[in-house]
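Peer 1: predicted coordinates and the sequence they were generated for:
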Amino acid sequence: MKNKTGIIVVDLQEDFTELKNGALAVPNTGQEYVEKVRKATEEYNRKGLLVYATQDWHPKNHCSFAVNHPGTNVFETIELAGRKQTLWPVHCVMHTPGAEILLPAYLFARVIQKGTDPEFDSYSGFADDGGASTGLENSLRADGIENLIIYGLATDYCVKATVMDAIKAGFNVKLRIDLCRGVARDTTEASIHEMIERGAEIIEG
């Protein structure tokens, strides 16, 4: 019988960590943090739980890059095709070192690439901002997954969006908070509160 609990490691990529001064490094994501995530993920793997990774995987002309909008600045929010778009530094460009996942490939049942459409951002591991599915939900269903443990980067952006979509899709979600890091304290605290309100259970190792 298939194990009904799966793990989602969100965007543990070089550009989001401080290991090599990542282009969009989240605070407190140095070697100690990455090693903690690696050890925990290896333990889940040894227990026979299927582990899925999400991976930001952007083309160079991605809509979220400030350099692709002349006259704008990094971290500015603009109107783009009728929706709000936050502008970021160039990060996680496909086939570059900054986009690499910082865990051994053997740990993952599947890597879900997101943000591949230049016209849409994709914080969630389940679908981009235009509603296009990444295929993650189909993979989880095919593998018999009903319960999820989610952690990674960043708590107040991609982790939050992935948790919210997982709950919306009907999965039981636990957020492994000790293996998450957020961009800013206020938005991180607000995001955790929102995830709890939506039905996520907060756990620590």
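Peer 2: Nice, thanks for sending it over.
Peer 1: poorly predicted segments of the chain, please.
Peer 2: Counting by pLDDT under 70, the chain shows low-confidence ranges at 1-3.
Peer 1: just give me the residue closest to the centre of the chain.
Peer 2: When the chain is reduced to its mean C-alpha position, the closest residue under C-alpha atoms, centre = their mean turns out to be residue 10, at 3.2 Å.
Peer 1: correct me, but that one touches residue 150?
Peer 2: Yes - at 6.5 Å, residue 10 counts as touching residue 150 under the criterion of C-beta atoms under 8 Å. Backbone N, C-alpha and C define where each C-beta goes, glycine included.
Peer 1: which residues are in contact with each of these two?
Peer 2: Counting by C-beta atoms under 8 Å, 6 or more residues apart in numbering, the residues touching both residue 10 and residue 150 are 159, 162.
Peer 1: look up how far residue 199 lies from the residue nearest to the centre of the chain.
Peer 2: Taken as C-beta to C-beta, to the nearest Å, the spacing of residue 10 relative to residue 199 amounts to 18 Å.
Peer 1: any idea which helix is longest in the protein?
Peer 2: Scanning the chain for the helix with the most residues, using DSSP state H, yields helix 31-46.
Peer 1: in three-state terms, label the residue lying closest to residue 85 once chain neighbours are set aside for me.
Peer 2: In space, not counting the residues next to it along the chain, residue 85 is nearest to residue 78; the distance is 5.5 Å by C-beta to C-beta, 6 or more residues apart in numbering. Reducing the assignment at residue 78 to three states with DSSP: H, G, I helix; E, B strand; the rest coil gives strand.
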